[in-house]
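>>> Quick one, structure for this:
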Amino acid sequence: MGITICSIYKSSKREEMYLYVEKSNGLKDVPEALMQLFGKPTKVMDAILTPQKQLARIDINKLLEELRVNGFYLQMPPPQENLLDEHLKMQKPAGETAG
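All right, here's what the predicted structure looks like:
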């Protein structure tokens, strides 16, 4: 697989949700139902993708495959940390188990 030029859009409805599409196709391959959930797309940037490129939160091979097969890739926000749960775990005395 060679070079893919991709446009990246951020969602107006959810923080850290991004939509990747082939630049030449734009948003035309994205289903209407997904666009309604995504909200108004705001273009963030264009990027040149190759199988050798490293991305922070996405497997480049999965991204390229999704672009090839579906014409788009939806990057969901990372799971939110539950800080209260983390705090409570740290407060338990040594040897105590949940249950």
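
>>> Nearest spatial neighbour of the most centrally placed residue in the chain, chain-adjacent residues omitted?
Nearest to the geometric centre of the chain sits residue 75, at 1.5 Å (CA atoms, centre = their mean). Distances taken as CB to CB, 6 or more residues apart in numbering place residue 18 nearest to residue 75, at 4.3 Å, with adjacent residues excluded. C-betas here are computed from N, CA, C, even on glycine.

>>> go on, residue 38?
residue 11 (4.9 Å).

>>> and that neighbour, what does it touch?
17-19, 38-39, 41 (CB atoms under 8 Å, 6 or more residues apart in numbering).

>>> ok so, going back, my read is that the residue nearest to residue 75 contacts residue 44, right?
Yes: contact criterion CB atoms under 8 Å: residue 18 and residue 44 qualify, at 7.1 Å.

>>> Overlap in contacts, those two.
8-10.

>>> Need these in TSV (columns: neighbour count and distance to residue 55).
What follows is those, written out as TSV (neighbours: other CB atoms under 10 Å; distance: CB to CB, whole Å):
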residue	neighbour count	distance to residue 55
8	18	11
9	22	16
10	20	15
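
>>> Which one of those is nearest to residue 51?
residue 8 (17.9 Å; CB to CB).

>>> Next, give phi and psi for the closest one.
Dihedral angles of residue 8 (phi, psi; degrees, to the nearest 10) stand at phi -120, psi 130.

>>> on that earlier part again, can you tell me which of the contacts of residue 11 are buried?
Neighbour counting with 16 or more other CB atoms under 10 Å marks 17-19, 38, 41 as buried within those.

>>> Fine by me, we can end here.
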